[in-house]
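S.K.: Whatever this is, show me its structure:
(one chain, ligands or ions: 2)
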Amino acid sequence: MALNHRAAVSLSRKEPRGPRWRFCPVLLGRVIATFACSGEKEVNLAVQDAKAAFKIWSQKSGMERCRVLLEAARIIRERRDEIATVETINNGKSIFEARWDIDTSWQCLEYYAGLAGSMAGEHIQLPGGSFGYTRREPLGVCVGIGAWNYPFQIACWKSAPALACGNAMIFKPSPFTPVSVLLLAEIYTEAGVPPGLFNVVQGGAATGQFLCLHRDVAKVSFTGSVPTGSKIMEMAAKGIKPITLELGGKSPLIIFSDCDLENAVKGALMANFLTQGEVCCNGTRVFVQKEILEKFTKEVVKLTQGIKIGDPLLEGTRMGPLINRPHLERVLGFIKLAKEQGAKVLCGGDVYVPEDPKLKDGYYMRPCVLTDCRDDMTCVREEIFGPVMSILSFDTEAEVLERANNTTFGLAAGVFTRDIQRAHRVVAGLQAGMCFINNYNVSPVELPFGGYKKSGFGRENGRVTIEYYSQLKTVCVEMGDVESAF
Ligand SMILES: NC(=O)c1ccc[n+]([C@@H]2O[C@H](COP(=O)([O-])OP(=O)(O)OC[C@H]3O[C@@H](n4cnc5c(N)ncnc54)[C@H](O)[C@@H]3O)[C@@H](O)[C@H]2O)c1
Ligand SMILES: CCCCC=O
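M.R.: Ligands and ions are numbered 1, 2, ... in the order given. Here you go, the predicted model:
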């Protein structure tokens, strides 16, 4: 599996070990690592190891699991800059942002460590002194399959609740970003999880299929595109396995004329340009009330043109290269089509060639703001997954709500207004799992995250995720004699 990236940095102070991979020498701008794909045999071995580890781990008390997760969180915090550097090389996002990802990662482990000790069932009194109780039990060997945009964070958002509940997890990262999750495996081991409890397998669709179809896999948590999510669902249906699907989006961001304009403009940039625009919950349909359209657009364009693009490892950089050349071409294709369909490019939307000759082969583009957009345009209907904001204007609250919901996706949505009643009324009407009022794309781990409609189901983060990684056993206890019908 070849990885293309323009960065020239050694991978990590401790290279991950193991017989099934090998790194290529790091050369400027090209392949940074080569991995062998895990086939059926490796997947079977990983499941076998995970099953053995599950036997040990699932018997531990919540407090014992809590201590191990806290230790893993501590190590991540201690190695924050190193992991962020690897993530930047892995994905291309700026080091500034990669540090945020690592922070939400260790916070996630801390959060579920906290919940691990308090997981409990119920005691239910029945007639005649009999009673029942429930036990919250783990599922077994869970599989996590990740996308390439938040490689380390996705692995933590899946593994932390899985492990806290007493499960084992086998994680398959995207073949475009296979590196950083190896550090997580190393950290869990150092923190004291039994060998094999958190296992990484590398590969693409075929490896993912072996995992999903494996008879000893109890659950699949998937982050990726809608078409792949649909395939995961089919495979899980064969084995009647529960799944969590974190899929794509085309989320609305609604800016009312009574908003704090400066915050709304900052919010629109946060909603569109993090991680080169490659963010599932991005608010790419920016609906702006007519009265402030001109002023808002002018400010958005000014700030967008100021985004510093370049070497993602430099402190000042805020936008790095896109994930790979085919994806860059796909994003540019959306912009070309938008122009053909009548949209106007106010800034960006073209390839960017940094001055530094070392970066000339990188997959850079200038962040793009489109205006004169209509709801029927491809750029407004389809997930682009790149730095492209479409601005649309609206008149009334009822009109914008209907247009905002007119999509098969339902991952996220945002509203900027100073009118507190309107803010809550509008979010109540929005068909989206993650709604923001007067901010966008902040992700506190205490809050559940996940979609409506084709954006998936199940949740990550928050207390509720415990329910997606555990099952309830009911025990009915008779204290008297059996009252038989026979
Ligand atoms: N909702 C969320 O939390 C969230 C977060 C990040 C990304 N995403 C979405 O992910 C997409 C981009 O990521 P991507 O291009 O990596 O998605 P993708 O669907 O192409 O791949 C995701 C993962 O699935 C694996 N895979 C591919 N085919 C498979 C198969 N048949 N069986 C099993 N596994 C298979 C891939 O190797 C990869 O690890 C976007 O649509 C984005 O919105 C969603
Ligand atoms: C902001 C983090 C959400 C991850 C989706 O791509």
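
S.K.: residues contacting the residue lying closest to Phe198 once chain neighbours are set aside?
M.R.: For Phe198, the nearest residue in space outside its immediate sequence neighbours is Tyr188; the separation is 4.5 Å by C-beta to C-beta, 6 or more residues apart in numbering. The C-beta positions use only the backbone N, C-alpha and C, and glycine is treated the same way. Applying C-beta atoms under 8 Å, 6 or more residues apart in numbering, one finds that Tyr188 lies in contact with Val68, Ala72, Ser159, Leu163, Leu197, Phe198.

S.K.: And the third one, how far from Leu69?
M.R.: This points to Ser159. Between Ser159 and Leu69 the distance is 9 Å, computed by C-beta to C-beta, to the nearest Å.

S.K.: Who has more neighbours out of the two?
M.R.: Ser159 (32 against 26; other C-beta atoms under 10 Å).

S.K.: ok, so what distance separates Glu78 from Ala113?
M.R.: The separation that Glu78 has from Ala113, given C-beta to C-beta, amounts to 16 Å.

S.K.: Helix, strand, or coil at the closest residue to ligand 2 within the stretch 201-350 of the chain?
M.R.: Nearest residue of the stretch 201-350 of the chain to ligand 2: Cys280, at 3.4 Å (C-beta to the nearest ligand atom). Using DSSP: H, G, I helix; E, B strand; the rest coil as the criterion, the local structure at Cys280 reads coil.

S.K.: And the one 3 residues further on, by the same measure?
M.R.: The three-state assignment at Gly283 reads coil, by three-state DSSP.

S.K.: My understanding was that it contacts Phe273; is that so?
M.R.: No. Between Gly283 and Phe273 there is no contact under C-beta atoms under 8 Å: 10.9 Å.

S.K.: re the thing from before, quick one: the residue nearest to Phe198 is in a helix?
M.R.: Yes. Judged by three-state DSSP, Tyr188 forms part of a helix.

S.K.: Up against ligand 1, what does the stretch 51-200 of the chain have?
M.R.: Where the stretch 51-200 of the chain comes near ligand 1, counting by C-beta under 6 Å from any ligand atom, the residues are Ile145, Gly146, Ala147, Trp148, Asn149, Tyr150, Lys172, Ser174, Pro175.

S.K.: Kindly recompute the last result at 5 Å.
M.R.: Contact residues, the stretch 51-200 of the chain versus ligand 1 (C-beta under 5 Å from any ligand atom): Ile145, Ala147, Trp148, Ser174.

S.K.: Just among those residues, which is most surrounded?
M.R.: Per-residue neighbour counts (other C-beta under 10 Å) across those peak at Ile145, which has 25 neighbours.

S.K.: residue contacts, Arg318?
M.R.: Ser94, Phe96, Glu97, Phe273, Ile307, Lys308, Ile309.

S.K.: Please report phi then psi for it.
M.R.: Note on Arg318: backbone dihedrals following degrees, to the nearest 10 are phi -120, psi -10.

S.K.: do the one 10 residues further on as well
M.R.: For Leu328, the backbone dihedrals are phi -60, psi -50 (criterion: degrees, to the nearest 10).

S.K.: can I assume it is in contact with Tyr363?
M.R.: Yes. Distance between Leu328 and Tyr363: 4.3 Å, which falls inside the contact criterion (C-beta under 8 Å).

S.K.: quick one, which of these two is more surrounded?
M.R.: Tyr363 (22 against 19).

S.K.: Next, that one: secondary structure please.
M.R.: Put simply, Tyr363 is coil when judged by three-state DSSP.

S.K.: And it, how close does it get to ligand 1?
M.R.: Computed with C-beta to the nearest ligand atom, to the nearest Å, the distance linking Tyr363 and ligand 1 is 14 Å.

S.K.: ok, that residue - contacts?
M.R.: Under the criterion of C-beta under 8 Å, 6+ apart, the contact partners of Tyr363 comprise Gly92, Pro321, Leu322, Ile323, Asn324, Arg325, His327, Leu328.

S.K.: Tell me the residue of the stretch 1-150 of the chain that sits nearest ligand 1?
M.R.: Using C-beta to the nearest ligand atom, the single residue of the stretch 1-150 of the chain nearest to ligand 1 is Ala147, 3.3 Å away.

S.K.: Now do the same contact list for that residue.
M.R.: Under the criterion of C-beta under 8 Å, 6+ apart, the contact partners of Ala147 comprise Ile154, Ser174, Thr223, Gly224, Ser225, Cys280.

S.K.: In helices, which of those appear?
M.R.: Here DSSP state H is the test, and the contacts of Ala147 give Ile154 as lying in helices.

S.K.: Just the buried residues from the contacts of Ala147, in PyMOL please.
M.R.: Only the buried members of these enter the following PyMOL selection, criterion being 16 or more other C-beta atoms under 10 Å:
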select buried, resi 154+174+223+224+280
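
S.K.: In JSON lines: the contacts of Ala147, plus pLDDT.
M.R.: As requested, the contacts of Ala147 are arranged in JSON lines below (pLDDT from 0 to 100):
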{"residue": "Ile154", "pLDDT": "98"}
{"residue": "Ser174", "pLDDT": "97"}
{"residue": "Thr223", "pLDDT": "98"}
{"residue": "Gly224", "pLDDT": "98"}
{"residue": "Ser225", "pLDDT": "98"}
{"residue": "Cys280", "pLDDT": "98"}
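
S.K.: Save the contacts of Tyr363 as a markdown table, and put in pLDDT, distance to Leu314 and secondary structure too.
M.R.: Compiled in a markdown table, the contacts of Tyr363 are given as follows (pLDDT from 0 to 100; distance: C-beta to C-beta, whole Å; DSSP: H, G, I helix; E, B strand; the rest coil):
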| residue | pLDDT | distance to Leu314 | secondary structure |
| --- | --- | --- | --- |
| Gly92 | 95 | 13 | coil |
| Pro321 | 96 | 13 | coil |
| Leu322 | 96 | 17 | coil |
| Ile323 | 95 | 19 | coil |
| Asn324 | 93 | 21 | coil |
| Arg325 | 93 | 22 | helix |
| His327 | 97 | 22 | helix |
| Leu328 | 97 | 20 | helix |
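
S.K.: out of the residues you listed, who has the most neighbours?
M.R.: Tallying neighbours with other C-beta under 10 Å puts Gly92 at the head of the contacts of Tyr363, with 29 neighbours.

S.K.: for that one, what are its contacts?
M.R.: For Gly92, the contacting residues are His5, Gln276, Pro312, Gly320, Pro321, Leu322, Ile323, Gly362, Tyr363, taking C-beta under 8 Å, 6+ apart as the criterion.

S.K.: hmm, try it at 7 Å
M.R.: Each residue near Gly92 by C-beta atoms under 7 Å, 6 or more residues apart in numbering is listed here: His5, Gln276, Pro312, Gly320, Pro321, Leu322, Ile323.

S.K.: Which other helices and strands does the helix or strand Cys142 falls within contact?
M.R.: Using DSSP states H and E, Cys142 falls within strand 141-145. Applying 3 or more C-beta pairs under 7 Å, 6 or more residues apart in numbering; DSSP states H and E, one finds that strand 141-145 makes contact with helix 40-57, helix 151-164, strand 168-172, helix 205-213, strand 217-223.

S.K.: Same list, these, but as CSV with distance to Val445 please.
M.R.: Written out in CSV, the entries for the helices and strands packed on strand 141-145 read as follows (distance: least, C-beta to C-beta, whole Å):
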stretch, distance to Val445
helix 40-57, 22
helix 151-164, 8
strand 168-172, 17
helix 205-213, 25
strand 217-223, 15
